[in-house]
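Quick one: sequence plus predicted model below, questions after.
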Amino acid sequence: MPTRHGKTSPNYHGVGFILRRCLTAPLVLGATLYTALASAACASDLNPDLTSLRAEIDKRVADLGVKPRDYKLASEKAFDARRAISNGQYSTARKIIFDVLKHSELQYWRFYPFTDFMSGITDVNDPEFLTRLNEWVNQAPGDSIPHLIRAQYYHDLGWFVRGLAFTKKIKPEHRADFQTYLDRARNDIDTAISLEANPYNVWLKLRILHGFGASAGLKSAFEEAVLKYPDYYPLYDVVLGTLEPKWGGTVAAMYGFVDQYAGHRAGHAPLKLLYLSLYRDLLDSASNACVELWSDRVKFSQCVTSWMNQAVRPELTARVQDALDLYDHSDNNQFDIAIREILLPMLRSTGGDAYAAGFLQSVAGAINSDTQLKKASQTPGNYVIEEAVSESWYLQGFYDNALKKGQDALKDVAVTIFPDDEAKDFATAQIYQRQAKTYSKLHQFVDMIVYEKAAVMLGNITEDEHYICWGYYQLKDYQATVDACTQALDHNTKNLLAHYWRGVGYQKLSEDDRAVKDLTAVADSESSFRTSAVINLSMIYFDKKDNKTALDILNKYNFVYDVGTQNKSDLAVNYNNRCYAYMELGDLTKALDDCTASLKYGSLPDAYRKEQELLRLLTPN
């Protein structure tokens, strides 16, 4: 029989760890069917009364003080504009976009709120969205806005297709599509800028060129951009990131760039923050340089340490301290937002724990806060530092400590003075989202849903909204799974994990056609869940006794047999399932090869039984 077992990547917020920790023994369905997914919902988390469970979750969200807002966030306005474009209401869309642009301002380190607005304006899952954009561009040839939106669409689509893995792990056809879409994005953004430049579209051009790596074209575009907007920090930040070795740059080029544009700035110029970003990017470069040693954590950490010892020049430490003085000479709220975007990625740079921890301590000292688990005093601290400390504990696997620091962050954000309610709500929602992620590690799925719902309702933070539908799946509320995933995809069309969990939710509800559509979208992507999607797709047809279609799926997605990208347990399952298909279809020689391969990577009893039977059948009497 085929084996039900979906890979859950440990690189994705620990979902893989959760499923495996809940799975104490294979679940046998009939004679030999195993499934990590079905057994993943730990018994203590199940609630037979699903109606009461949903009501309890809603009550707990309300108890957090999350109430309807009397204003719209920039991300919600983006949803309105996206919907207007989808409906062909271009004048309405333009009015929304122009109004947000008109009321945006260059702050110390961002163009607010237009950058936030643009992050959610495109729909890369709907082919008709491009048709609408083409129609809008044709109707308004002299208008920069439709060209800007189409450039954003092609940029988003390119990265959606490519994914974030290293280039060598991306399918060749996806790499080719990525380049094609970025070329189209570049053409549109050039047109938009020629019609009417603004801080965002010149930045988007650099983001598009970033996808081609460090190049003369990027350098030229940057020099032209800073002539228009010399103090617009994101322009410098995107070029600095592109000068990392993984994009074709060098450490010397990174230092030279920062010294050229920030070193000569007098006093407490906002561009001094580039020295903090340089430290972050050096740590990221160290992790990437040592990635081949990932499987040996000791050697990996030693490699990162050695790399950083060579890369961090003595003068950089002094420059970092000078840059931290910006806190006392700039808007503290804006500094908090900027430093958060540096601190959190740095903490996630694997192998450089000591460097990230030391940097965090320096930041905490500069803004009169501390990193202790138990506060030394009752004086409110800085919520960003508390959130970063929570992240640090989370990454080390101390989830109770992470939750405690998350609660400290919530206490601090409650007494922090913000410029308006929107800023405070968004900061609070970010911490709610972090708490949800930590609760997922503790298998506390109700808590996970509650805090993720609060994050969505309060701050419209939707990139991890699949936690809600995944949580309902663990609680075996499959209709709620489908409903929550559908909402997540309405909010964020790029959320492939919402497609995955909706697909397996439909599978549980026996809505196979819908399940196939969602799971195919994931299988065709660069998602870390694509192997799980392929396995579940094949199981839909195995369950229908349609072994030929199941085999076609397993052969179509041949990456599931790639020893370079798949773990051993998945390889064992994939070969075992194809062995079963070949055996049922009478191709005994291929079946034997696959069962033998399965046993090379694992010890599934079913594969061993089939191998023995195949040897008997293929051995002449």
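Okay, I see it. Residues are numbered from 1 along each chain as shown.

Leu206 versus Leu133, what's the distance?
Per C-beta to C-beta, to the nearest Å, Leu133 is found 22 Å from Leu206. (Each C-beta comes from the backbone N, C-alpha and C, glycine too.)

Compare these two (neighbour count), which wins?
Using other C-beta atoms under 10 Å, the more surrounded residue of Leu133 and Leu206 is Leu133, with 24 against 21.

Provide a list of residues in contact with the more buried one.
Ile85, Pro146, Ile149, Arg150, Tyr153 (C-beta atoms under 8 Å, 6 or more residues apart in numbering).

change it to 10 Å
Leu133 makes contact with 85-86, 90, 122-123, 146-147, 149-154, 188, according to C-beta atoms under 10 Å, 6 or more residues apart in numbering.

just Leu204 next, same as before
115, 118, 148, 151-152, 155, 185-186, 188-189, 192-193, 198, 238.

How is the protein divided into domains?
The chain is divided into the following domains under automatic domain parsing: 15-40+466-618, 74-242.

Arrange those in a markdown table, one row each, with distance to Lys405 and mean pLDDT as further columns.
Output for these, formatted as a markdown table (distance: least, C-beta to C-beta, whole Å; pLDDT from 0 to 100):
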| stretch | distance to Lys405 | mean pLDDT |
| --- | --- | --- |
| domain 15-40+466-618 | 20 | 86 |
| domain 74-242 | 25 | 96 |
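
among the ones you listed, which is the most enclosed?
Stretch with highest mean neighbour count among the domains of the chain: domain 15-40+466-618 (a mean of 20; mean count of other C-beta atoms under 10 Å).

ok now that one, how far from the chain's centre?
22 Å (C-alpha atoms, centre = their mean, to the nearest Å).

Ok, stretch 276-293 next?
With C-alpha atoms, centre = their mean, you get 19 Å for stretch 276-293.

What are the buried residues along that stretch?
Under the neighbour-count criterion of 16 or more other C-beta atoms under 10 Å, stretch 276-293 has 276-290, 293 buried.

Dump that stretch to CSV, restricted to CA.
The C-alpha coordinates for stretch 276-293 follow below in CSV (Å, rounded to 0.1, in the frame of the first residue of the first chain):
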residue,chain,number,x,y,z
LEU,A,276,24.1,48.9,11.7
SER,A,277,22.8,47.5,8.5
LEU,A,278,26.3,46.7,7.4
TYR,A,279,26.9,44.6,10.6
ARG,A,280,23.6,42.8,9.9
ASP,A,281,24.5,42.0,6.3
LEU,A,282,28.0,40.8,7.2
LEU,A,283,26.4,38.3,9.6
ASP,A,284,24.0,37.2,6.9
SER,A,285,27.0,36.8,4.5
ALA,A,286,28.8,34.7,7.0
SER,A,287,25.9,32.3,7.4
ASN,A,288,25.6,32.0,3.6
ALA,A,289,29.3,31.4,3.2
CYS,A,290,29.2,28.5,5.7
VAL,A,291,25.9,27.0,4.7
GLU,A,292,27.5,23.8,3.3
LEU,A,293,28.5,22.9,6.9
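
what about it, average pLDDT?
Across stretch 276-293, the average pLDDT comes to 94.

and the most centrally placed residue in the chain, helix, strand or coil?
Per C-alpha atoms, centre = their mean, the C-alpha nearest to the average position across the chain is that of Glu463, at 6.9 Å. When classified by DSSP: H, G, I helix; E, B strand; the rest coil, Glu463 comes out as coil.

which non-adjacent residue is nearest it?
Spatial nearest neighbour of Glu463, chain neighbours left out: Asn492 (6.2 Å); criterion: C-beta to C-beta, 6 or more residues apart in numbering.

ditto for Trp470
Sequence neighbours aside, Trp501 is the residue nearest to Trp470 in space, at 5.0 Å (criterion: C-beta to C-beta, 6+ apart).

who are the neighbours in contact with the one you found?
Trp501 sits next to 15, 37, 466-474, 481-482, 484-485, 488, 495, 518, 522, 529 when contact means C-beta under 10 Å, 6+ apart.

tell me which element it falls in.
helix 496-508 (DSSP states H and E).

now do Ser390
helix 383-396.

How about Ala176?
helix 172-195.

who does that helix touch, helix- and strand-wise?
helix 127-139, helix 144-162, helix 199-210, helix 216-228 (3 or more C-beta pairs under 10 Å, 6 or more residues apart in numbering; DSSP states H and E).

Now do it against helix 127-139, angle only.
Angle between the axes of helix 172-195 and helix 127-139 is 30 degrees (criterion: axes from the mean of the first three to the mean of the last three C-alpha atoms, to 10 degrees).

what is the orientation angle of helix 172-195 with helix 199-210?
Going by the same axes, to 10 degrees, helix 172-195 makes 150 degrees with helix 199-210.

Using PDB, list the CA coordinates for helix 172-195.
Output in PDB follows, covering the C-alpha atoms of helix 172-195 (Å, rounded to 0.1, in the frame of the first residue of the first chain):
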ATOM      1  CA  PRO A 172      15.500  26.100 -14.200                       C
ATOM      2  CA  GLU A 173      12.100  27.000 -15.600                       C
ATOM      3  CA  HIS A 174      11.400  29.100 -12.500                       C
ATOM      4  CA  ARG A 175      14.700  30.800 -12.800                       C
ATOM      5  CA  ALA A 176      13.900  31.700 -16.400                       C
ATOM      6  CA  ASP A 177      10.500  33.000 -15.500                       C
ATOM      7  CA  PHE A 178      12.000  35.100 -12.700                       C
ATOM      8  CA  GLN A 179      14.300  36.800 -15.200                       C
ATOM      9  CA  THR A 180      11.400  37.400 -17.700                       C
ATOM     10  CA  TYR A 181       9.100  38.900 -15.100                       C
ATOM     11  CA  LEU A 182      11.900  41.200 -13.700                       C
ATOM     12  CA  ASP A 183      12.600  42.400 -17.300                       C
ATOM     13  CA  ARG A 184       9.000  43.300 -17.700                       C
ATOM     14  CA  ALA A 185       8.900  45.000 -14.300                       C
ATOM     15  CA  ARG A 186      12.000  47.000 -15.300                       C
ATOM     16  CA  ASN A 187      10.300  48.200 -18.500                       C
ATOM     17  CA  ASP A 188       7.200  49.400 -16.600                       C
ATOM     18  CA  ILE A 189       9.100  51.100 -13.800                       C
ATOM     19  CA  ASP A 190      11.200  53.000 -16.200                       C
ATOM     20  CA  THR A 191       8.100  54.200 -17.900                       C
ATOM     21  CA  ALA A 192       6.500  55.100 -14.500                       C
ATOM     22  CA  ILE A 193       9.500  57.100 -13.400                       C
ATOM     23  CA  SER A 194       9.800  58.900 -16.800                       C
ATOM     24  CA  LEU A 195       6.200  60.100 -16.300                       C
END
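
just how off-centre is that helix within its chain?
Taking mean C-alpha positions (C-alpha atoms, centre = their mean), helix 172-195 and its chain are 22 Å apart.

what do you get for stretch 240-259?
For stretch 240-259, the distance to the chain centre is 24 Å (C-alpha atoms, centre = their mean).

What residues of it count as buried?
240-247, 249, 251, 253-255, 257-258.

before we move on, back to that, and Leu106, which of the helices and strands packed on helix 172-195 is closest to it?
helix 199-210 (6.0 Å; C-beta to C-beta).

just how off-centre is the closest one within its chain?
Distance of helix 199-210 from its chain centroid, counting by C-alpha atoms, centre = their mean, is 21 Å.
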